[in-house]
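**Student:** Structural data only, the sequence is not supplied:
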């Protein structure tokens, strides 16, 4: 997990996971629309996943 990606996940969560795939981007975008905190948590979980 890169420090730049973590900062980007805190500022604008969908932008931090743009290279992880369209499905992940849409999910994080919808979570961010529901609230900023769910979007940040979702982005950090996806960035912290060792399988991707």
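**Tutor:** Received it, and whenever you're ready, just let me know what you need. Please read these numbers as outputs of a predicted model, since none were measured by experiment.
**Student:** and the spatially most central residue of the chain, what does it touch?
**Tutor:** For the chain, the residue nearest the mean C-alpha position is residue 43 (2.3 Å; C-alpha atoms, centre = their mean). Applying C-beta atoms under 8 Å, 6 or more residues apart in numbering to residue 43 gives the contacts 9, 13, 14, 16, 17, 28. For glycine as for every other residue, the C-beta is placed from the backbone atoms N, C-alpha and C.
**Student:** who wins for most neighbours among those?
**Tutor:** Ranked by the number of neighbours (other C-beta atoms under 10 Å), the contacts of residue 43 place residue 28 first, at 27 neighbours.
**Student:** Tell me who's in contact with that residue.
**Tutor:** Residue 28 neighbours (C-beta under 8 Å, 6+ apart): 13, 14, 17, 39, 42, 43, 46.
**Student:** Would you mind giving those residues as TSV with pLDDT added?
**Tutor:** As requested, those are exported to TSV (pLDDT from 0 to 100):
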residue	pLDDT
13	94
14	94
17	92
39	95
42	95
43	94
46	93
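**Student:** Starting from the helix or strand containing residue 7, tell me the next helix or strand along the chain.
**Tutor:** Using DSSP states H and E, residue 7 sits in helix 3-11. Counting by DSSP H and E, the next helix or strand C-terminal to helix 3-11 is helix 13-16.
**Student:** tell me what that next one is packed against?
**Tutor:** Counting contacts by 3 or more C-beta pairs under 8 Å, 6 or more residues apart in numbering; DSSP states H and E, helix 13-16 packs against helix 3-11, helix 22-34, helix 36-48.
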